[in-house]
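>>> coords below, sequence missing:
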């Protein structure tokens, strides 16, 4: 237990500057969450002024400490700290809090606010992002550090609230972090015992300290977080000294500290205090400054961070130069990794597959992944206890070890919620490329993290296998139906469902070269024949999203079959039967709606000529949305109900995925009379 100790008058003035600046911004916007900044200001001050290694003039310096405000509703705490310590966040930016086009949106946004390490707000996501950042630090330290040369050596701090720790994702993340022994991960828990609706006693009465201790964390408590800056200081120092376990510092605070009528109550959580209460709060705090006013001595003290940061960064650069001179090959690798680039020969060993051979796209995908890993050493990731099934284990490599950063296979365990957000944290950190893997139906568990990856242009690769009713006997709980359409609805996400081994290799090429979007690979459990690419179009057509796989030789098509994934072979079979009946037919493979939509109109029209209105889509999933490509006269063969438990082949037959069904549907689009071309 860390006991209370009074702080200096300048410290207290600085803490109150954080509080009042945050309060003024919320009042001016007439929107926001004043309670957390008022209560958490002392612990934030202790961290930012006494421990955080950062440079306000270079927010992207690679060896800085990371600070994640997981309780992102308290964003004004972060914006006040950024402004006061000298980041490119002006007082005018603070005044524009929550306004159109400002640097200070309602919740911190990565890439918008200089110094915001992650986009937070959906509670719990930041706790898992921080775990990912700490994992990235350990992995990169193991890869690049050498005796006498520590160029990767920093901590990850995360400010969490009661709501964060109630969310299930944080429990998953804490369990994994404790298992891995991430000693450079430190949570500061703003434990004010109040949530949006009232006291946490209504719904959150667990012993959080014991829970985290049980997960393998080092736990401390500061009993007077409202005043005891030195106590928080000592707790952070002790947490940094603990190298074998992640640390949780429980800081007992008062939400809305200083507000005479709303402090300690849910009234201070998610709405402005109001002009009268805000004025009274400043009186209680003894604040004499005007609106948005920061005393000169306070600002000067905060701005000492600039000099400290520049000195720390320069020291790192000097050490980096010495390391680079001794290890030039490693230095070249570092520069590529930090820039998000790939080695020139990164795909030189991509596998080739024998025509006519049969293997699931999860299998060909695993072979491609391993070929990539052999040439891109900063590429690491893992799966949700399914590596033997998703085929995403890197052969010849050990499991990731959080204490020393060795190993490339992250054993996430059955923790999909946290896995997605941890992968985002690795991407936020920079310097590494990462992937996740699980069954496609469980993408629902990862959707919040995938949404944030798309929002923040994080090039994470999400591998999903067991992509359809081909899962078979496991039944409807494990058979994805609506997931494809659900993910296609997400902005800035590339979804790829390849039809054979050749397209799967091309899909991995897209996944590795995307810099501004996450990529989803949707792969089959069942074996699929590798197409003869001399008789069909090259698999590189995948890069354009959709392409003409095969036309009836010498004849203009009367109908178009558009298929994805495991349904492409069915389309080819139906094409052969239609040709036998005198109906020349085009087969289009459409592995990615997003990439196809980005092509110019001329190319799209060349693949799907507007004059050909008899179009049939074939996909073992929801039909919702296919009208975009099949038009008003088209038909969609799909599944608009949940699946069933039976062998996969039987399910495809029962759900109408047969040559006969496709042919009948096409004939229904073009009429009963066909030209006899035989």
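Okay, I see it. As the structure is a prediction and not an experimental result, all values here were calculated from the model.
>>> helices of the stretch 201-350 of the chain, residue ranges please.
208-214, 229-241, 275-285, 296-302, 304-326, 328-339 (DSSP state H, counting those that start in this stretch).
>>> from these, which stretch is densest packed?
Per-stretch averages of neighbours, counted by mean count of other Cβ atoms under 10 Å, single out helix 229-241 among the helices of the stretch 201-350 of the chain, with a mean of 20. In this view, the C-beta of every residue, glycine as well, is placed from N, C-alpha and C.
>>> I'd like the helices of the stretch 201-350 of the chain laid out as JSON lines, including mean pLDDT.
Converted to JSON lines, the helices of the stretch 201-350 of the chain look like this (pLDDT from 0 to 100):
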{"stretch": "helix 208-214", "mean pLDDT": "98"}
{"stretch": "helix 229-241", "mean pLDDT": "98"}
{"stretch": "helix 275-285", "mean pLDDT": "97"}
{"stretch": "helix 296-302", "mean pLDDT": "97"}
{"stretch": "helix 304-326", "mean pLDDT": "98"}
{"stretch": "helix 328-339", "mean pLDDT": "98"}
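>>> using TSV, lay out these together with distance to residue 100.
Converted to TSV, the helices of the stretch 201-350 of the chain look like this (distance: least, Cβ to Cβ, whole Å):
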stretch	distance to residue 100
helix 208-214	39
helix 229-241	36
helix 275-285	23
helix 296-302	28
helix 304-326	30
helix 328-339	33
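>>> which one of those helices lies nearest to residue 447?
Closest to residue 447 of those is helix 208-214 (Cβ to Cβ; 26.0 Å).
>>> quick one: contacts for the residue nearest the centre of the chain?
Central residue of the chain (Cα atoms, centre = their mean): residue 424, 3.2 Å from the mean position. The contact partners of residue 424, taken as Cβ atoms under 8 Å, 6 or more residues apart in numbering, are 118, 125, 128-129, 132, 449, 452-453, 456, 458, 460.
>>> from these, which land in helices?
When the contacts of residue 424 are checked against helices (DSSP state H), the matches are 125, 128-129, 132, 449, 452-453.
>>> buried subset of those?
Buried subset of the ones in helices among the contacts of residue 424 (neighbour count, 16 or more other Cβ atoms under 10 Å): 125, 128-129, 132, 449, 452-453.
>>> pLDDT and distance to residue 441 added to those residues, as CSV?
Output for these, formatted as CSV (pLDDT from 0 to 100; distance: Cβ to Cβ, whole Å):
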residue, pLDDT, distance to residue 441
125, 98, 22
128, 98, 21
129, 98, 25
132, 98, 24
449, 98, 16
452, 98, 21
453, 98, 19
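>>> same list, the residues you listed, but as JSON lines with distance to residue 671 please.
Shown next, in JSON lines, are these (distance: Cβ to Cβ, whole Å):
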{"residue": "125", "distance to residue 671": "54"}
{"residue": "128", "distance to residue 671": "56"}
{"residue": "129", "distance to residue 671": "57"}
{"residue": "132", "distance to residue 671": "57"}
{"residue": "449", "distance to residue 671": "49"}
{"residue": "452", "distance to residue 671": "49"}
{"residue": "453", "distance to residue 671": "47"}
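>>> picking up where we left off before, secondary structure element for the residue nearest to the centre of the chain?
Assignment of secondary structure by DSSP states H and E places residue 424 within helix 416-429.
>>> run the chain-centre distance for that helix.
5 Å (Cα atoms, centre = their mean, to the nearest Å).
>>> pLDDT averaged over that helix - what is it?
Mean pLDDT, computed over helix 416-429, is 98.
>>> and what of stretch 627-637?
For stretch 627-637, the per-residue pLDDT averages 97.
>>> the closest residue to residue 270 other than its chain neighbours and residue 665, how far apart?
Nearest-residue entry for residue 270: residue 33, 5.2 Å, with adjacent residues in sequence omitted and distances by Cβ to Cβ, 6 or more residues apart in numbering. Distance of residue 33 to residue 665, given as Cβ to Cβ, to the nearest Å: 54 Å.
>>> understood, closing this out.
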